[in-house]
Each structure stands twice: as structure tokens, then as C-alpha cells.
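> Output the structure for:
(2 chains)
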Amino acid sequence: MNSPAVSASSAETGRLLGLPPDTLLKWYDEMLLIRRFEEKCAQLYGMGKIGGFCHLYNGQEAVSTGAIGAINPDDYVITAYRDHGHAISKGVDPKAILAELLGKRAGTTKGKGGSMHIFDREKNFLGGHAIVGGHIPIAAGVAFASKYRDERRVCLCFLGDGATNIGEFHEALNLAALWKLPVLYIIENNKYGMGTAVARASAVEQLHQKAAAYDMRNEVVEEGHDVLKVYKAVKSAVDHARATYEPSLLEIQTFRYRGHSMSDPVSGHYRSKEEVENQKKLDPLTVFADVLKGAGLATDEYFDHAERRIKAIVSECADFAEKSQEPPLDDLWKDVYVE
Amino acid sequence: MPVVSFREALNQAMDEEMARDQRVFLMGEEVAEYNGAYKVSQGLLQKYGPKRIIDTPIAESGFAGIGIGAAMVGLRPIVEFMTWNFSLVAFDQIVNNAAKMLSMSGGHFNVPIVFRGPGGAAHNLAATHSQALESIYAHFPGLKVVIPSNPKDAKGLLKTAIRDNNPIIFIESEVMYGEKGEIPEGEYTIPLGVGEVIREGTDVTVVSWSKVLQHITTKAVARLAEEGISVELIDPRTIKPMDWELIFKSVKKTNRLVIAEEGWPFAGVGAQISHEVQLHCFDDLDAPVERVTQEDVPLPYAHNLEVHSLPNIQRVIRAVRKVLYLD
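Coordinates of the predicted model:
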């Protein structure tokens, strides 16, 4: 992409899709929170306070925000291991997420799951799954239960581009289409499965086209940095799923700013520094800020204020996580079986 | 007491539990229109309809995962594997998702699901279709492993398994579906983790289950009785949790132990039982523990090789005589 331009049409995108200004401003705040939260994670990881594998969401914020913005609180979300952003968008308490990353009892899973396994039953957030592809059939099962009980709740399932090459993806898509299950599979195509470019891993580069094998509704959002475009595509798929129980496969093209995980370099053999810098010109936060300003919904003062508010929230998260206790050793034997 | 076949007992258990609880449904290959590859689900489609008796494509990982997802949000699936051999295709779903979900989610999501189907060797099916996999599944914390040996236990244990809030591995025997036995009248359940003394004895404790118990060990024990050797025969019924107290109590009485199972020897269920018994009954043992297992090879097709590999009556008799220092 040569001349990164703000999604000009966004300003007109159905007069901001007819959404109330509060919702749009809330989305900006949410994306900013995810960005600053992830930066704090990187810092704490660097200080050795977060262990294991930690996959950050920087650059992809518009996807979780726009997609989860299109569903109801009683709808379900399930995702893979790059899960902090989705959890925050689904309303999971960021204090509990950070406490989890620090291995504390007050964490989302009481220190049992860590970064890759954030769960919250009350928020209908079903993980955080670390084996690539493993959660894709589960999402169909959640949608199966919704249909079984005729609840019309949908399940959003986020997955990476790399996951479209594993068998479970194909089994789940076939079953979801065959049985008409209200599940939306959202491929966050950030162009690289760890260090392997999509074209080196998939015979089909247009990943959404894989839905054709299962006669499944599908769509691609090329401007995945534009939260409004993400919202619009997901909303339409959600409405369709609620009305018909039919699933969709959405490919949302996006970009991660950091390495695959905190142990991996930002650039190297697989992608150049220039590519990363060029992509950052299409930053979801900057793009959306310009849209909001252009529409007269926010001023520079608003953004300065938002920055301060979010910084305070993230500081509070870090304080909470640092001060929380480690799990007691007795917890080791808890939650292995339900009594 | 009514006399029913193993498959009828299992069918009754599913039928009764489905009538009792709308959240219970059955899915698997050929379970609906075909009435089950082994006819265990005979008649259930007619009674409960396609919403609750569901034919799946050949996609074990896919439908096992669908069962897990449905269970996470409150349904109670029974997932039938046409044989447990095919569960290996869904191994990731069973051991990474079903087994670990409760722990990894910090207690947020449990997975009340029963995976069931036939296991063990049949006849001339060769290596991939003849496996006793109970030890593999028992290895993973979070799973319970149930393996009934007769129609009475099959029905009572399956009903309990369906009501349990944890993921259950329920292994039936491929060659025993037609075998008949008495079951109690009316409603009954059997708790998991409670074994049964099949025959009381004083000289040697023998622990055995499923087909090996019925087809081999009981016959060996009868012949040994003719020689005046009194065997106490125990069917654990549940591999995990194991009824350790029942086994320890028996070994403390007989001072000798033989374990006869169909699985392979290395890291098998018998290896675990041997370990626990030496730990808890060391001073009571009068002989090293003996095990009868399948030979440590993939099961061959040829009849003579197959028979030579699997446990048999003579090997059980030899093991018992050995712990009694009679040979």
C-alpha cells in the first residue's frame, strides 16, 4: 500500500452508521485502552513480571472493538491466544486480566491460565485458547447450544490467518454450515502466522474464499484498521445469523505491530522494518480520531483528556496486579474436577 | 430381574436420561438413521427426533469440539465415537479442551460431557482398530474413565456419567454388546469410583475389567478354584477415580496381587495399580505383583499372532500360580 490514506469514506459511512456519538467515543476509548494496556504488558514483560508466552494486540484494536461492538452482552466471544484485546472489548475487567498475567489470585482465572487463557463466564467470554485451531469447533458448539435452546444468541470466534490451514477449521466450518449454526468466524488476517507469510502457508490467499468450500456466507474487510468498516461487516453478519441461524466467515485484514509474541522480533527475515512502519501509517487509533474530528464529534482536547484517563486506568490495573497476592498453594488442587 | 444385553442396557440409560433431562443429546457417526454402528442408539431417533439424536459427518475433532462448546454453555452432550480408536483424531479436543477447561478457566467453565463408544480388540482388525486406551485417558487430570464389565454396571454407570459435571471417558467393549445379564428393575445408578468384589477369596487378589475380566479372568479363576486356589476377584468399574481402598483391603487379606488387562504393559493401568499397592501394602505383600497385559507390540491381523499377543486364560493362571510360588 503506497499512500496510506485515512479511510475517507468512513466519515460518510452511513453518517457514522447511525450510531450515537457516545458509542463512537466509547470505541475510541476502548481502542486506546487496549493499546496502552498492551504497552504496559510489554513493559512488565520486559521487567520479567509477566512470564510465558505473551501475544500483544497492538495494531489490531479496530477488529475486536468494531466486531464486539456489533453484538449484545449475552452473545458469546471465543478467541485464540492473542486474547487481551477481545477480553477488554467484551467487558472483562482489565485489572483482572493484568493480575492474571502477573500470576495472581485476583486474575481472571486465579493464576491458572495466564496470558493465553483469559476467561469470564459472566461476560460470556469463553477463552483464550492456545492450541491453534482447537477453539474453532468449540465456537460451533456454543452456537449449537444457542440454537438448541432457540436463544438467538450468536458466537463470535476470532482466529488468525494461520489457523485457516488446520483441520479443525475445516471440520468446524463444514459442520457450522451443514447444521446452520449462528457462529461468525472472524479471521484476523495480520499477514503472518508467526513468521510465515500467508502466501507461504495457504494455497488460497483470499482466506475468506475458503468459505466457498462449505457454501458459507463470507466477506472480506480490507480496511481492518477502520473500526466502522469492521463494525458494519460484522453487524450485517450478526443480523443475518440471528435471523437465519446461518454462519459467516469474515476475513478482516489487519496488522500486528509487535512480534508474534513477546519473545519474537518485530521485524526480521519475514517482514521488513519499512513494511511495519508503512502499516503504522494506517493506525486504527489515528484513523478513527481523524474521522471523529472530521465529523465534529471530538476535538483535540477530547483526545488529550482520553489519553490521561486511559493512562490512569492502566496505572490502576498495574497497581492492582502488583499488589495482588499469589494464589495460595492449596489452589493447585482446586478446579480439576467439579464436585 | 430383567435380563438385557449390554447394548440394551446402554440404550436404556441414554433413553431414561434423555427423558429426564432436555439438555441431554446424542451425537456421533451413524447414531440416528442407521440406529448406531453397534445398534446402541436403536430407536432413539424415533423417540427423540433429529434435534437430539444427531448424525455427524466423519469429523471426530469437529463434533467432539461441538460437544465441548455446547457443554460449556449448559447442555449435556453424549458424544459417541464409532470406536475409541477414532477418538485419537479428536485427541486435542478431549485432552486439551474437555479435560483442562475447568482448571484453565479458573473454574469459570466446566464441561459436562460423556464420550462413549466401543474400545479394545475385536477380531482380525489389526493395529489401528484394536486398542485398549483407558490408560492413556486416565493419564490426564480432569477426565474420569469408566469401563463397565456387564449390563448392570453399564446402565447404572452410564446414567451416573451423564449426570456428572465433568468430562467422562466411557469405554464399552466392542465384542460384548450382545452379551446378556440381569439388571435391577426400574431406576438405579451406580456411583463412579466404587469397585465391586465379583468373587470373594483368600489366596490371591486379581484385579481385572471389561472383556478381559469376563472372557478370560473369570474363567481362569474358575479353573484355579478347581485346583483349590481361592481368588478374590475385583472389578474396579472406574479406572479413574480408582477405588483404591477396595483393592488395598483385599491385598491386605490375600497378600498377593495379579492385574489382568487388555492394554499394553508400559505405563499401563496395571503399572499404576502395582505402584499404589507396593506403596500402601508393602508389608502385606508376600510376592511381587504380577501383570497380564497385551504384548508390547501393535496388534497384528493374523489370527494366531493376534491370539498370541492378547491376554489369555493360561497367562492369568500362570500369573496367579507365580505369585503363590506354585511353579
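
> use CA for all of it now, contacts and neighbours both
Fine.

> which residues does residue 118 contact?
Defaulting to chain A. Going by CA atoms under 8 Å, 6 or more residues apart in numbering or on different chains, A:Ile118 touches A:83-84, A:87, A:97, A:100, A:108-109, A:126-128, B:105.

> Wait, chain B was what I had in mind.
B:81-84, B:171-174.

> Show the buried residues in those.
Among the contacts of B:Pro118, the ones that count as buried by 16 or more other CA atoms under 10 Å in any protein chain shown are B:81-84, B:171-174.

> now the residues you listed in a markdown table, with pLDDT, secondary structure and distance to A:Lys40?
A markdown table is the format used below for the buried ones among the contacts of B:Pro118 (pLDDT from 0 to 100; DSSP: H, G, I helix; E, B strand; the rest coil; distance: CA to CA, whole Å):
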| residue | pLDDT | secondary structure | distance to A:Lys40 |
| --- | --- | --- | --- |
| B:Phe81 | 98 | coil | 46 |
| B:Met82 | 97 | coil | 50 |
| B:Thr83 | 97 | coil | 49 |
| B:Trp84 | 97 | helix | 47 |
| B:Ile171 | 98 | strand | 49 |
| B:Glu172 | 98 | strand | 52 |
| B:Ser173 | 95 | strand | 55 |
| B:Glu174 | 91 | coil | 56 |
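
> Adding distance to B:Tyr325, write those residues out as a markdown table.
As requested, the buried ones among the contacts of B:Pro118 are arranged in a markdown table below (distance: CA to CA, whole Å):
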| residue | distance to B:Tyr325 |
| --- | --- |
| B:Phe81 | 43 |
| B:Met82 | 43 |
| B:Thr83 | 40 |
| B:Trp84 | 38 |
| B:Ile171 | 35 |
| B:Glu172 | 35 |
| B:Ser173 | 33 |
| B:Glu174 | 36 |
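
> which one of the residues you listed is nearest chain A?
Checking the buried ones among the contacts of B:Pro118 against chain A by CA to the nearest CA gives B:Phe81 as the nearest, at 15.9 Å.

> in the chain, which spans are strands?
All of this is about chain A. Assigned by DSSP state E, chain A shows strands spanning A:76-79, A:125-128, A:155-160, A:183-189, A:192-193, A:196-197, A:217-221, A:248-253.

> Can you look at chain B instead?
Using DSSP E, strands in chain B cover B:3-5, B:24-28, B:53-55, B:76-80, B:114-119, B:144-146, B:168-173, B:180-182, B:196-199, B:204-208, B:231-235, B:238-240, B:257-260, B:290-292.

> ok, which stretches of the chain are helices?
I went with chain A, as the question did not name one. For chain A, applying DSSP state H gives helices covering A:14-17, A:21-46, A:61-68, A:84-89, A:94-101, A:135-148, A:167-178, A:198-201, A:227-244, A:273-280, A:284-294, A:300-323.

> right idea, wrong chain: chain B
Here chain B has its helices, by DSSP H, at B:6-20, B:44-48, B:60-72, B:91, B:101-104, B:134-138, B:151-163, B:210-211, B:218-226, B:244-254, B:269-280, B:303-309, B:313-323.

> Contacts for the second one, please.
Taking contacts as CA under 8 Å, 6+ apart, the residues outside helix B:44-48 that touch it are B:15, B:32-33, B:35, B:52-53.

> What distance do you get for the closest residue to A:Cys317 other than its chain neighbours to chain B?
Excluding its sequence neighbours, the residue lying closest to A:Cys317 (CA to CA, 6 or more residues apart in numbering or on different chains) is A:Lys95, at 4.3 Å. Here A:Lys95 is placed at a distance of 16 Å from chain B (CA to the nearest CA, to the nearest Å).

> Kindly state the pLDDT recorded for A:Lys95?
At A:Lys95, the pLDDT value in this model is 98.

> Number of residues surrounding it?
22 (other CA atoms under 10 Å in any protein chain shown).

> any low-confidence regions in the stretch 1-150 of chain A?
A:1-14 (pLDDT under 70).

> can you list the residues of it near chain B?
Within the stretch 1-150 of chain A, the positions near chain B by CA under 8 Å from any CA of the partner chain are A:108-113, A:117-121, A:126-127, A:134-145, A:148.
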